[in-house]
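S.K.: predicted model and sequence below, questions to follow.
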Amino acid sequence: MQFAIENPMVHWKEQESKIFGDDALGNEVLEGDEILVIDDEFFRKEDLSYDAIQILEMFGAEERIAE
C-alpha cells in the first residue's frame, strides 16, 4: 500500500513582509505589527515594556496595526 504525502516545506511560500517604517525609537516596523500611535509618532508595541505601554495609553496613545 502506497501513500502520497506532500512535503509542506516544498510548497510553502513565505510572503515577504513590507516595511512600514522606523518607529520613534528607531525600531523597524513591518506591516501587520502592533503599534501605539500618539500625535505624529508611533512605537512598535513588541519593543515596549508593560510600563511604557501603560504610560503611552495614559497619554492617549491608540493601538493600531501597521498597514
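M.R.: Received it, and whenever you're ready, just let me know what you need. Numbers count the residues shown, from 1 in each chain.

S.K.: can you show me the CA trace of the longest helix anywhere in the chain as PDB?
M.R.: If you go by DSSP state H, the chain has its longest helix at helix 50-58. Backbone C-alpha positions of helix 50-58 (Å, rounded to 0.1, in the frame of the first residue of the first chain) are rendered in PDB as follows:
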ATOM      1  CA  TYR A  50       4.400  46.900  30.100                       C
ATOM      2  CA  ASP A  51       5.000  50.200  32.000                       C
ATOM      3  CA  ALA A  52       5.900  52.100  28.800                       C
ATOM      4  CA  ILE A  53       2.700  50.800  27.200                       C
ATOM      5  CA  GLN A  54       0.600  51.900  30.200                       C
ATOM      6  CA  ILE A  55       2.100  55.400  30.200                       C
ATOM      7  CA  LEU A  56       1.600  55.900  26.400                       C
ATOM      8  CA  GLU A  57      -2.000  54.800  26.700                       C
ATOM      9  CA  MET A  58      -2.500  57.100  29.700                       C
END
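
S.K.: what comes into contact with that helix?
M.R.: Helix 50-58 is contacted by residues 36, 38, 43, 45, 48, 63 when judged by C-beta atoms under 8 Å, 6 or more residues apart in numbering. Quick note: C-beta positions are derived from backbone N, CA and C, even for glycine.

S.K.: between these, which is closest to residue 21?
M.R.: Ranked by distance to residue 21 (C-beta to C-beta), the contacts of helix 50-58 are led by residue 43 at 11.6 Å.

S.K.: tell me, how many residues neighbour residue 36?
M.R.: 20 (other C-beta atoms under 10 Å).

S.K.: can you tell me the element it falls in?
M.R.: strand 34-38 (DSSP states H and E).

S.K.: which residue ranges form the strands in this structure?
M.R.: With DSSP state E, the ranges of strands along the chain come out as 19-22, 28-30, 34-38, 41-44, 62-65.

S.K.: turn the contacts of helix 50-58 into TSV, columns for pLDDT and distance to residue 57.
M.R.: Listed next are the contacts of helix 50-58 as TSV, based on pLDDT from 0 to 100; distance: C-beta to C-beta, whole Å:
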residue	pLDDT	distance to residue 57
36	97	7
38	96	9
43	97	11
45	97	10
48	96	10
63	97	8
